[in-house]
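Colleague: My questions concern the predicted model and sequence given below.
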Amino acid sequence: MGKNNRVKSTNDLELKDRLVAINRVTKVTKGGRAFSFAAIVVVGNEDGIIGWGLGKANEVTAAIAKGVESAKKNLIKVPVHKGTIPHEVSAKFGGSRIFLKPASEGTGVKAGGAMRAVLESVGVTDVLAKSKGSSNPHNLVKATIAALDELRSPAQVAQNRGVSVEKVFNGK
């Protein structure tokens, strides 16, 4: 993921957390079975800021709390334009491959489980999404955030090219 989209301070942000998946892990010891929980959590302010975290603990609530704390430590800024993304993007993490495509207003978030939680937390209201390969929630969340981190706003593209925003769209 690109380091240029990192969010420095979380103090003034109103972050909402969403539980993406919870996994019960069993460890067999000589005294019997010991259960613990792993929770993958996504936090976002529904206005272009997103982060994910993994928490592990012996209780579900503690695992979720640890996941939220972890998520607040790696936030990124995503350009959201009129409720959708600025351009098509695809990404891969592990066995998960995802594809995101901007959609017109009123389309809604056409995405499955783990991807939907990430896209709604970042504030995208209209997008078409496709996941291929593994549906493992951990890898889907990581691939989706990697794809969102690759997005560039028209202003960023214009600045990189040294031209006006109109020239980026018109090509003249």
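Modeller: Structure's in. What do you need?
Colleague: in the chain, which residue is closest to the centre?
Modeller: Nearest to the geometric centre of the chain sits I145, at 3.6 Å (CA atoms, centre = their mean).
Colleague: Quick one: distance of the strand or helix carrying R116 to the chain centre.
Modeller: Assigned by DSSP states H and E, R116 belongs to helix 113-122. Offset of helix 113-122 from its chain centre (CA atoms, centre = their mean, to the nearest Å): 6 Å.
Colleague: Would you map the helices across the chain?
Modeller: 60-72, 113-122, 137-150, 154-161, 165-170 (DSSP state H).
Colleague: With mean pLDDT and distance to K101 added, can I get those in JSON lines?
Modeller: From N, CA and C alone the C-beta is placed, and that goes for glycine too. Output for the helices of the chain, formatted as JSON lines (pLDDT from 0 to 100; distance: least, CB to CB, whole Å):
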{"stretch": "helix 60-72", "mean pLDDT": "95", "distance to K101": "26"}
{"stretch": "helix 113-122", "mean pLDDT": "91", "distance to K101": "12"}
{"stretch": "helix 137-150", "mean pLDDT": "93", "distance to K101": "11"}
{"stretch": "helix 154-161", "mean pLDDT": "78", "distance to K101": "17"}
{"stretch": "helix 165-170", "mean pLDDT": "70", "distance to K101": "18"}
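Colleague: quick revisit: ok, so what distance separates the residue nearest to the centre of the chain from F37?
Modeller: I145 sits 22 Å away from F37, going by CB to CB, to the nearest Å.
Colleague: remind me which residues of this protein are low pLDDT?
Modeller: Counting by pLDDT under 70, the low-confidence segments of the chain come to 1-4, 8-12, 168-172.
Colleague: Number of residues surrounding the closest residue to S90 other than its chain neighbours?
Modeller: Nearest residue to S90, sequence neighbours excluded (CB to CB, 6 or more residues apart in numbering): F99, at 4.6 Å. By the criterion of other CB atoms under 10 Å, F99 has 15 neighbours.
Colleague: just checking, F99 touches K130?
Modeller: Yes - at 4.5 Å, F99 counts as touching K130 under the criterion of CB atoms under 8 Å.
Colleague: Could you give the bridge partners of the spatially closest residue to A65 that is not a sequence neighbour?
Modeller: Leaving aside its sequence neighbours, A65 sits nearest to G55 (CB to CB, 6+ apart; 6.6 Å). Beta bridges link G55 to A39 when assigned by DSSP bridges.
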